[in-house]
Each structure stands twice: as structure tokens, then as C-alpha cells.
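Enquirer: Please find the sequence and the predicted model below.
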Amino acid sequence: MDVSTVLHDLNEAQREAVAAPTGNMLVLAGAGSGKTRVLVHRIAWYIETDQAMPYGILAVTFTNKAAAEMRGRIEVLLKKPAGGMWVGTFHGIANRLLRAHWQEAGLPESFQIMDNDDQYRTVKRVIRALELDETKYSPRELQWFINAQKDEGLRPQHINTSGDPEKAVLVRVYQAYQTLCDRGGMVDFAELLLRAHELFRDQKQILANYQSRFRHILVDEFQDTNALQYAWLRLLAGNGGSLFAVGDDDQSIYSWRGAQVENMMQFQRNFVDATLIRLEQNYRSTANILKAANTLIANNPSRLGKELWTDGEAGEKIDLYNAYNEHDESRFVIDRISLSRMKGDPYCHHAILYRTGAQSRIMEEALMHAGIPYKVFGGMRFYERAEIKDALAYLRLSVFNEDDSSFERIINTPVRGIGQRTLDELRERAKRENISLWQSALQILQDKTLPERALNALERFLKLILEMGVGIRDIHLGEAMERVVKTSGLIDHYRKEKGEKGQARIENLDELITAASEFDVSREEYSDMEPMAAFLGHAALESGETQAEAYTDFVSLMTLHAAKGLEFEDVYLVGLEEGLFPHQRSSNDPVQLEEERRLCYVGITRARKKLTITHAQHRRLHGSDYYPQASRFLAELPANVITEVRLGNHPAQVLSRKEQTSNMTSSSNGMNLGQRVVHAKFGEGVIITLEGQGNHARVQVNFEQAGRKWLVMAYANLQTAG
């Protein structure tokens, strides 16, 4: 193969990176700039110019899929197998090292790798062995703690508890867990990386051998490396190797997984004579979309800096839609998708992106009612999520005690000290007597066939369900769902699951309360049902096989985190409101706010031709009504690439001053322009704009303390100022 073939399809910056002299290099690769292409061509350049044999190359990334794609592209480019080259994930390469050097790493030859579920069960065993209260020391929280320490390279003896008794307990669990793993020859995912680092750190000869072999180390998605991965790379590269790192600090969105964007900032300080090359030409999006992305991300002060550009067309402007509420928002998006379909575009051109998984419910329901096939990526559909099934199981069991599947699902969720022996006894008696598990439990309590501690735990569970059933009788469905969620203990249970995942579960439970509150029992198919039965039936059907099958044409739904690395012709970025995006947890933290802005940047740059952004004036979220301000990110977008959409039949259309006054004067609410009013949250203000009529009416009030706010009359509960 002619060397020129490696370079001829590359732009100037890509060619510079691929053909640069051997040495340490950081390639700052913007979204859609061909970063993996550059990495693959760099490997081919090494080999075709005889700077390296495949045996001397190590290429590492984060997923098995990415590693397989990288190897395949290398072999296509070289037109021969990449034999001898190590291409894999951090975990895969660590496993390969430890298999080869198990003795030096202090492992048995046949050590076993635990997945996350295996690790969780092992942590639970340790908690029981130490006789700790699982309601106080959650297995999920302790699993998170152990992995976080390992990601920082810390063993139990390295952790300073600073006299904190609670932290001392966590460290004791970590130590007992590690002892159990070592005795059983078990290695979790974090341990693979930690052992591989310790192997290089402590076994100088082994390190020297691999440093001599792998003179060329290449890393993809470098912005996602954590402290331990970066330390391992620095050891392996040493002073004589070359590290070629490709990444984008503007797409670093996984700090909650341990990723440290600071690694990109430190690269030039930690590696001698390191070169920085920027890939800024974008091959994905139109110029208007890129201008929006560039202007937004420029508000982040802590970045290496780059400016995406394209030699393609300016493209359509970005549509911005100010929805009346979340239902109007979903209708708008679905109408846009339907119109595109009528023009001949496939559904797969469209993706709906949102900040939190709980937002998918409204969109899912709207898509289903419109008969549009869809698929949720990076997570389960709303009613299939574990926490939703848990809450619905409580609801079902409280109204129908004989529901065995619900009984089994929640009897020990949250943990309430009901062990395997109790469960075995319940099942055995139910089977023998041909009765339900509930009846079996009542008989066991009467006969006292279990130890007193087990009987007490079982009795508390039955009492909880009975009281729950009484408490939700004859109250509104939304109130019933809220009471079930709160009294079940699920909120506190999932709050112990640290990070984004635990918070997402709580938000999903709040959204379930909203779903119950808004459930329309007047629909014809529910006319013969009680509201509770209708809602439970609706939830069961929604979790059935209504999602699009693989390989069919469907609309994609996903969180912004799940969207990274993907691209679509048309992207709908929904819910850009303060408290939602940026998320309320990040709004007052400058570091976290920068990551939220990077997440928005990722969302914008997923769009190839058309980007539509929506936000709502009123949103029922987490079981409560909100009148959110538009996201600060919208104010950071350049006005000359934005088109504000106003629909002719939209309830928020701007009427003339005469029409506004006429409509509102004749309405039953009695509000007028210039009138002083009081709002429970925002205080006193003056009505300056009136729009719409009836239930769709809305009002803009200039509040003395809170400034101008748009409010929906049906929910605002404004009072005339005295």
C-alpha cells in the first residue's frame, strides 16, 4: 500500500495529526470532526512508514463496540489482519495483563471476574456478615463507595477516616469485601484496573518490558478517563514512549462516573514536549447548528478552546418553540415528525433528546397515541423501569392482596429483614395449601412456624400493605399514588443509590405520581372501570410489546448522556428550562454547570440538518406544578440562527391589545390589564399582558421581587391585591 493512500482522504488538520513526528500528542477533536478516523489512520501511518510493527502498538478505548470498530477499520485500511496489535478497552487490556501475570499481581491463575450484579450480591453478604443494618448501610451505596475508592487508586488502608465513625464503617465494609474477594479469587471491574496499575507500579521489570514493547500508545475518548486510567497510561508511556490521545474537553459529560476532564488540561504539563492539534472542521452539522454550539460552549471558561466550522451550507435556522405545557410540547414534536413523514422522510431521521429519563413518559404516550413506532435507548421505557414496577406492585398489592407477583417483588424492597428461609416457607405453604402468598403469610403468623424475628418482620410488611390499602381508599388517583410512593419507603431506598442513577429513579417515581394525577379516566376504553383498575391496566399495557422491534423504522428517544457519539438528521431537544436543564442539582455549582453546558453542546451537535428546541411555560414535574423560567442556555444561543415558532392555533398566540382586553374582560376570571395581583410564590405584581381565553388563557405579570413571569390562568391561582 502506498503511504499517500493513508493521507489522501484527510483534511489539512487531520493530515497534520496523522503524519506528525513520533511523540506525545493531544488531538483536540471537535464533534463530527473525524477523531476515530484520525486515530485509525495514525496507526496505519506508523506501520506503513515502518515506524512501528503491529506488535508495538497499543490502542485503547471505552467500549467493546468501539474497540471492535477500531480494529475493523485498521484492518480495512491496511488490507491485512492487525496481528500482534493490542486493541481493546481499558478493562479488556487490564484483564489480558493480569491473566499473563497473575502471580505477580497476587491473584489465582483462574481468578473470576464479577459483573455489577455479582458485586452487589457480594457486598450484601459482607453487610450481613458484619451484622450491619441494610436500611442504614445500603448495598448499592456501599458498592458505589468501594468502586469510587478503587477508581482513585485507594485501598482501605489508604483511606483517612478523619475520626468520622460513619466513614470508618464504610472502610470496614470495603476491607471485609476485599478480603472475601481475595479469598474467593474474585475480581470486580474496578479491581481489574487497580490491579493492572499496581502491577506496573510495583513490578518494575514487567513495566519495563511493556514500555519497551508498546512504544506507541493511542487513546480514544481521552476526556472520559478517570484518575486511575490516566495514572496507568502515564506509567506505561514512561519517558520514552509516545502517547497519542484523542478527545474533546467540550464533550466531557461523565464526571458522575469518575471521568476527569482535568486530564486533558494536564496532558501538556505531564508529558514532555507534547503537541496540541485541533480538529475543527465538522462533517456532520450545518453552519447554523455549529454557530449555536460554538456560541454556547464559549461560555465555559475552563476549556482548551476550539471553533467548529463547516464548508457546507448554512442550513435551516434552529426552531425554538415556547410550549404551553409538556403536553403541548409533545404534540408539537409529534406533529413535526408526522409532517416530515408525510413528505417521505423515515422515522429514523428523528431523535427526541431530554435531560432526565422521567421526561420520556409524556413523549412515549404521545408517540403511541399517534401510532408512531419508537425506541428508547440508553434505558428502559418508562413503565418497564424497576422503580416504576416496584411502586405499581405496592399499589396493586394494596388493592388486591392476592397478587402473588407483586407480593414477591416488594416483600423485601426496600430491605426489611425478610430472609430466604421466610420466603421459602411462604412459597412452600402456598403451594401445599393451594393458597396465595398473602394467605400463606397470614397462616404462618397464626401458627408461629418461624422464629420471632422473622415473624415480626413479616407482620410489619402485612401491616404496611393493609394500612396503605385503607389510606388510598376513596381518594384521587394521583394522591393515592403519591401516598403509596412515600409510605412504601422507595424514595429513601433509592436515595441511598448515589449519583445520577439514584436521582433518576427518584425523579421517575415523582413522574409516576404525575402520570397518575393526569390519567384520563373519562376515555371510552375505561368507561366501565374504577380509576385504580384503569390506571393499573394502562400501565401494564404500556410496558408491553408496543416499542418498535429492532431493524424497523422508528423514532429514537434517549437522554442526552445516551446520545453522545450518535447523530440524526432531525433532533428535538426538549425541556430547556431552569431546574430541568440545567438540572437543579447543578444550577449553583460552577463546575457542574459547565458540565451541564457541555451536555447541551453534545445535544446540539447531534443534529445534522435540523435542530428544534422546546421549553414549556408550565410543567407538571415530580408530582408538582412548575412555572419555570426558560433555560439560561437559550439566552446563550446567537439570536441570528434562531426562529421562534408561533402556531396559528396555539393557545399562546399573541393577540392584539384590543382582543386581549376583550377576551379577558368577558372571561370568568375577571382579570384585566394593569390589575394588581398576588401569587403564592412570586408575591405581588401587575398584569402587563393577557393572551388566550378560557382554560388556555395565560397572563404575564411583572412581579416586584421576581420580575416578569408568564403564568397559566388555570393553575396560577392569582388573587386580587388588596
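Expert: Here it is on my side, so go on.
Enquirer: Report the secondary structure state of Gln359.
Expert: Three-state assignment for Gln359 (DSSP: H, G, I helix; E, B strand; the rest coil): helix.
Enquirer: count of neighbours near it?
Expert: Applying other CB atoms under 10 Å, we find 27 residues neighbouring Gln359. Where C-beta positions appear, they are placed from N, C-alpha and C, glycine not excepted.
Enquirer: Can you read off the pLDDT for the closest residue to it other than its chain neighbours?
Expert: Of all residues not flanking Gln359 in the chain, Gly575 sits nearest, at 5.5 Å (CB to CB, 6 or more residues apart in numbering). The model reports Gly575 with a pLDDT of 96.
Enquirer: could you list every residue that touches Gly575?
Expert: By CB atoms under 8 Å, 6 or more residues apart in numbering, the contact set of Gly575 is Glu326, Glu329, Tyr354, Arg355, Gln359, Phe581, Thr614, His615, Ala616, Arg619.
Enquirer: What helix or strand is the second one located in?
Expert: With elements delineated by DSSP states H and E, Glu329 resides in helix 326-342, which encompasses its position.
Enquirer: Mind giving me the packing neighbours of that helix?
Expert: strand 318-325, strand 350-354, helix 360-369, strand 568-573, strand 607-621 (3 or more CB pairs under 8 Å, 6 or more residues apart in numbering; DSSP states H and E).
Enquirer: Just put these in JSON lines and tack on distance to Ala44.
Expert: Compiled in JSON lines, those are given as follows (distance: least, CB to CB, whole Å):
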{"stretch": "strand 318-325", "distance to Ala44": "38"}
{"stretch": "strand 350-354", "distance to Ala44": "33"}
{"stretch": "helix 360-369", "distance to Ala44": "41"}
{"stretch": "strand 568-573", "distance to Ala44": "30"}
{"stretch": "strand 607-621", "distance to Ala44": "28"}
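Enquirer: Pick the most buried one from those.
Expert: Among the helices and strands packed on helix 326-342, the stretch with the highest mean neighbour count (mean count of other CB atoms under 10 Å) is strand 350-354, at a mean of 26.
Enquirer: which residues does the residue nearest the centre of the chain contact?
Expert: Residue closest to the mean C-alpha point of the chain, counted by CA atoms, centre = their mean, is His561 at 5.0 Å. By CB under 8 Å, 6+ apart, the residues touching His561 are Ile253, Tyr254, Gly378, Glu500, Leu599.
Enquirer: these two touch, right, Ser110 and Val187?
Expert: No. Using CB atoms under 8 Å, Ser110 is not in contact with Val187, being 11.1 Å away.
Enquirer: what about those two, which has more around it?
Expert: Comparing Ser110 with Val187 by other CB under 10 Å, the one with more neighbours is Val187, at 23 against 8.
Enquirer: measure that one to Ala706 for me?
Expert: 55 Å (CB to CB, to the nearest Å).
Enquirer: do Leu130 as well
Expert: Counting by CB to CB - Leu130 and Ala706 are separated by 51 Å.
Enquirer: do Pro582 as well
Expert: 19 Å.
Enquirer: Let me know the pLDDT of the residue lying farthest from the centre of the chain.
Expert: Distance from the C-alpha centroid of the chain peaks at Asp447, with 48.4 Å (CA atoms, centre = their mean). What the model reports as pLDDT for Asp447 is 88.
Enquirer: ok, now Gly694?
Expert: 61.
Enquirer: And the strands in the stretch 51-200 of the chain, which stretches?
Expert: Along the stretch 51-200 of the chain, counting by DSSP state E, counting those that start in this stretch, strands occupy 57-61, 86-89, 112-113, 186-187.
Enquirer: Within the sheet, what are the partner strands of the first one, with directions?
Expert: Spelled out, that is strand 57-61. Strand pairing for strand 57-61, determined by DSSP bridges: strand 86-89 (parallel), strand 216-219 (parallel).
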